[in-house]
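> predicted structure and sequence below. I'll ask about it afterward.
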Amino acid sequence: MSLYLILLTLLLCTHSLADLVPVEVSSKLPTVRFGTSAIYDGNDAIYVIGGFDTPAWMYLRDIVKYTISTGEVQLLATLPVGKRYVSTSMDDTTGDIYIHHGQTGSMVDPNGIYKYTPSTNTSYTNPVEIYVLGGISSPTNIGIFNMADHTVRNAGDLVRRYHFSGAVADGTGSAILVGNDFNDDYIGPGYPAARINLTSKITTYGTMPLPFILGTPAVVWDGAYAYVIGGYRNLTAGHFPHSIIKIDPTTLAYSVLPVSNFPGNATDRLMYISAVFVERLNRIYFFGGSASRVGLGDRDHDSIWYIELSPPAPTTTPARTTPEATTPEATMTTTEPIISTTTMRPDIFTCADKLDGMYPHPADCAKFINCNDNVTTVFDCPEPVLFDVETRRCVHPHLVDCLLSCVGREDEMYPHPYYSL
């Protein structure tokens, strides 16, 4: 007896979004390094500060300047001590750069604050007011350094613990925060993206869990969205590392943007990088970092890359003539999630009326749909995992109730479990 699942919402095709492509510039940092901090002066210079050089086993004191227009890399000055995982901020009125928090040797150094003046190439100790959210030494702390009265105070507590975290101001008095606490369950989901009002300290969470972050990511703001670069790799959950994450600050939903030839490609996880957004070029620049390679150990970088966020031209793919109504037979494989060659017909499924994020495929539990800026892209989960509608991630088959299957059902028409006309 043949079984058929009649879909009230049928499957055909539209466009797929071409991958973003990173460009590696010809210039290099003075040595390989991870755990740096980068800050943009709003004009033509990016300063890359501190970090750790694994081959030399050295905490770096470097203050490096990268000039965007010429590609020149200059070592301008040194900090009094070597530091990694530092935070940086710039005083817009003076151009002074403040360096604080991070690690010095084997010790976490939350109280060491330094000021660097680009005009004189000098650095010295000086406090500044800046928000610091979570971190290795104080995973629930909201700290403030005050430039006017030279005080350090606790401004409150985060509602969750953030061991590996990244945050960026959204220009409205709030910060977008990503990350999670450190634990051994690193194939589970992380926290959803959060928005923290820096005045009231009220925290709002999204509903979509982010990938679990295993190393500090970089987070930048382009004036409309937050972008997360690096720090995650969870093939089982469909969070492949050759991508960046785009977060809507209003809904806190996110979409995964594929990146071809990313330094964290295939099974590598790029982490502990620093990044800035250069508005006039619509680019994210990122620096150094460490790529954790499965079975091969870590590889540290001295490279400088940028990703241009201007939307690439969409590509058209052929329509599939026969919809897949059941899940393909599961076989073990090490293939990471890929963009499917199957796209969606707009009268069946369209992202034009949907928020950015991931949605179930209307005909195949082994696929899911990513909506980004009203563009529809179909992804395959890596075999044998399937897409779970509740958590919106690829998980082991025994955890998924694939309602698209006709197994065990009598011959007749059924309403679609996810979509209706």
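Yes, it's here. Numbering: from 1, shown residues only.
> strands paired with the helix or strand harbouring residue 257, and their directions?
When elements are assigned from DSSP states H and E, residue 257 belongs to strand 254-258. Here strand 254-258 is paired, per DSSP bridges, with strand 243-247 (antiparallel).
> who touches the strand it pairs with?
20, 176, 178, 193, 206, 210-211, 225-229, 253-259, 262, 284, 307, 356, 372 (C-beta atoms under 8 Å, 6 or more residues apart in numbering). Every residue, glycine included, has its C-beta placed from N, CA and C.
> what about residue 374, how many residues nearby?
11 (other C-beta atoms under 10 Å).
> do residue 45 as well
18.
> got it, and residue 250?
With other C-beta under 10 Å as criterion, residue 250 counts 11.
> quick check: next helix or strand after the strand holding residue 257?
Taking DSSP H and E, what comes next after strand 254-258 is strand 269-271.
> ok, and what's touching that following strand?
Under C-beta under 8 Å, 6+ apart, the answer for strand 269-271 is 34, 214-217, 229-233, 241, 262-264, 289-292.
> where do the strands sit along the stretch 101-250 of the chain?
Assigned by DSSP state E, counting those that start in this stretch, the strands in the stretch 101-250 of the chain fall at 103-104, 107-108, 114-117, 122-125, 130-133, 141-146, 151-157, 164-169, 174-180, 192-197, 203-209, 218-221, 226-229, 243-247.
> re earlier: and the strand holding residue 257, what's buried?
By neighbour count with 16 or more other C-beta atoms under 10 Å, strand 254-258 contains the buried residues 254-258.
> may I have that strand exported as PDB, CA atoms only?
Below are the C-alpha coordinates for strand 254-258, written out as PDB (Å, rounded to 0.1, in the frame of the first residue of the first chain):
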ATOM      1  CA  TYR A 254      18.700  36.000  14.500                       C
ATOM      2  CA  SER A 255      19.700  34.600  11.100                       C
ATOM      3  CA  VAL A 256      22.800  32.700  10.100                       C
ATOM      4  CA  LEU A 257      24.700  34.200   7.100                       C
ATOM      5  CA  PRO A 258      26.900  31.800   5.300                       C
END
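> leaving aside the residues next to it on the chain, what's closest to residue 99?
Among residues not flanking residue 99 along the chain, residue 114 sits closest, at 4.5 Å (C-beta to C-beta, 6 or more residues apart in numbering).
> what's the neighbour count on that neighbour?
Residue 114 has 23 nearby residues by other C-beta under 10 Å.
> can you pull the pLDDT of it?
Here, the pLDDT recorded for residue 114 equals 80.
> for residue 149, same thing?
pLDDT, residue 149: 60.
> before we move on, what about residue 44?
95.
> quickly note the distance from it to residue 281.
Separation of residue 44 from residue 281 (C-beta to C-beta, to the nearest Å) stands at 10 Å.
> report the set of residues contacting both of the two.
Contacts common to residue 44 and residue 281, judged by C-beta under 8 Å, 6+ apart, are residue 68.
> rewinding a little: out of the strands of the stretch 101-250 of the chain, which is closest to residue 348?
strand 203-209 (23.1 Å; C-beta to C-beta).
> which strands and helices sit next to the closest one?
Judged by 3 or more C-beta pairs under 8 Å, 6 or more residues apart in numbering; DSSP states H and E, strand 203-209 is in contact with strand 192-197.
> listing partners with orientation, what would you give for the strand it packs on?
strand 174-180 (antiparallel), strand 203-209 (antiparallel).
> can you redo these as a markdown table with mean pLDDT, mean neighbour count and distance to residue 272?
Converted to a markdown table, the strands paired with strand 192-197 look like this (pLDDT from 0 to 100; neighbours: other C-beta atoms under 10 Å; distance: least, C-beta to C-beta, whole Å):
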| stretch | mean pLDDT | mean neighbour count | distance to residue 272 |
| --- | --- | --- | --- |
| strand 174-180 | 92 | 24 | 13 |
| strand 203-209 | 90 | 16 | 22 |
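> ok, for residue 271, nearest residue in space, not its chain neighbours?
Counting by C-beta to C-beta, 6+ apart, the residue nearest residue 271 is residue 215, at 2.7 Å.
> for the one you found, list the residues it contacts.
164, 230-231, 269, 271-272, 290, 292.
> switch those over to JSON lines; also include neighbour count, pLDDT and distance to residue 201.
Formatted as JSON lines, those follow (neighbours: other C-beta atoms under 10 Å; pLDDT from 0 to 100; distance: C-beta to C-beta, whole Å):
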{"residue": "164", "neighbour count": "24", "pLDDT": "82", "distance to residue 201": "21"}
{"residue": "230", "neighbour count": "30", "pLDDT": "88", "distance to residue 201": "28"}
{"residue": "231", "neighbour count": "30", "pLDDT": "84", "distance to residue 201": "25"}
{"residue": "269", "neighbour count": "23", "pLDDT": "73", "distance to residue 201": "32"}
{"residue": "271", "neighbour count": "26", "pLDDT": "84", "distance to residue 201": "28"}
{"residue": "272", "neighbour count": "27", "pLDDT": "90", "distance to residue 201": "28"}
{"residue": "290", "neighbour count": "24", "pLDDT": "88", "distance to residue 201": "33"}
{"residue": "292", "neighbour count": "19", "pLDDT": "71", "distance to residue 201": "34"}
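> domains of this structure?
The record's domain split for the chain, according to automatic domain parsing, is 1-18+313-421, 22-308.
> and the strands paired with strand 192-197 as a markdown table, adding distance to residue 352?
A markdown table is the format used below for these (distance: least, C-beta to C-beta, whole Å):
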| stretch | distance to residue 352 |
| --- | --- |
| strand 174-180 | 25 |
| strand 203-209 | 20 |
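> quick one: which of those is nearest residue 82?
strand 174-180 (24.7 Å).
> just the angle between that closest one and strand 164-169, please?
170 degrees (axes from the mean of the first three to the mean of the last three C-alpha atoms, to 10 degrees).
> got the CA positions of strand 174-180 in CSV?
Provided in CSV are the C-alpha atoms of strand 174-180 (Å, rounded to 0.1, in the frame of the first residue of the first chain):
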residue,chain,number,x,y,z
SER,A,174,20.8,49.5,25.5
ALA,A,175,23.3,46.8,24.7
ILE,A,176,22.9,43.6,22.8
LEU,A,177,24.5,40.8,24.8
VAL,A,178,25.4,37.2,23.5
GLY,A,179,27.1,34.3,25.2
ASN,A,180,26.6,31.8,27.9
